[in-house]
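Student: here's a sequence, model it:
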Amino acid sequence: MPLPETIAMRFTEDDAGYVTVRPVVKQTFRLAELADMVVSVTGKNAVRVQKIFRAGTVVYNGYRYWWDGFAAKEDEITGLLALFPDDDPARLFNPANVIAVSLEIGGGPQRSLVGIMRREASAKKLFRKRSPWEILLKAAQDSTPRYEKYSHADRADVYRVHLSFEMAASLLKQIVDASSRVLRKKLAALQPPAALLFFSPRTNSVRAGTPS
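Tutor: Numbers count the residues shown, from 1 in each chain. Coordinates of the predicted model:
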């Protein structure tokens, strides 16, 4: 039996297993849209994608989706996954393409990421020579960002810059001092980051429909 071309979806806000009275919305997805959403959760893992298709449910961006589960053969899954980007360590870092930076705080089970979008960090304060975004890109310029992976969740190539404690403390202070009130409130209580992650999207990635 061939894979369905369209899938009748239902979704609602996810309440982590609690009983909810939130409305259920119905929407029809193309197979490529469902695959895109599932791969954002699983990565290009054929076994996990196959299991989720069969189970008929996934949590994505704070919403729980479900549908009538269906079986898929291994070669069918492989064909679907071939449409999605792979890691590309040869891809050069281009600061002009970066749309977000995450500050990596701590490590191991205590690791957390605090994201900064280009649009929220590009404004320059009065009497300040650089915006927070320019300060972040200067940190990349002073180091050599190392290619890490392609993130299907973020639909972007990820580059990492490791920071010494001294560098991180100085950088965080510079960013906070140059930030708007809203961004400063977001960053002021943070510990110095252990690393910076730079996110550079690819122009040919496909995005599934997401509730607004």
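
Student: make it CA atoms for all contacts and neighbour counts henceforth
Tutor: Noted.

Student: residue nearest the centroid of the chain?
Tutor: residue 154 (2.5 Å; CA atoms, centre = their mean).

Student: for that one, what are its contacts?
Tutor: 40, 199, 201 (CA atoms under 8 Å, 6 or more residues apart in numbering).

Student: low-confidence ranges in the chain?
Tutor: The chain contains residues with pLDDT under 70 at 16-21, 204-212.

Student: which secondary structure elements does the helix ranked longest in it contact?
Tutor: Determined from DSSP state H, the single longest helix within the chain is helix 165-178. For helix 165-178, the packing partners by 3 or more CA pairs under 8 Å, 6 or more residues apart in numbering; DSSP states H and E come out as helix 132-142, helix 181-187.

Student: quick one, strands of this protein?
Tutor: Listed in chain order, the strands of the chain (DSSP state E) span residues 6-13, 25-30, 57-60, 63-66, 100-105, 112-117, 146-151, 156-162, 195-201.

Student: now the ones you listed as a markdown table including mean neighbour count and distance to residue 185?
Tutor: Formatted as a markdown table, the strands of the chain follow (neighbours: other CA atoms under 10 Å; distance: least, CA to CA, whole Å):
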| stretch | mean neighbour count | distance to residue 185 |
| --- | --- | --- |
| strand 6-13 | 17 | 28 |
| strand 25-30 | 14 | 35 |
| strand 57-60 | 18 | 28 |
| strand 63-66 | 18 | 28 |
| strand 100-105 | 21 | 15 |
| strand 112-117 | 16 | 12 |
| strand 146-151 | 18 | 28 |
| strand 156-162 | 22 | 24 |
| strand 195-201 | 24 | 19 |
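
Student: now render those as TSV, adding distance to residue 45.
Tutor: Output for the strands of the chain, formatted as TSV (distance: least, CA to CA, whole Å):
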stretch	distance to residue 45
strand 6-13	21
strand 25-30	20
strand 57-60	15
strand 63-66	19
strand 100-105	25
strand 112-117	24
strand 146-151	13
strand 156-162	17
strand 195-201	21
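
Student: go through these and name the closest to residue 177.
Tutor: strand 112-117 (15.1 Å; CA to CA).

Student: picking up where we left off before, out of the helices and strands packed on helix 165-178, which is the most enclosed?
Tutor: Sort the helices and strands packed on helix 165-178 by mean neighbour count, taking mean count of other CA atoms under 10 Å, and helix 132-142 sits at the top with a mean of 18.
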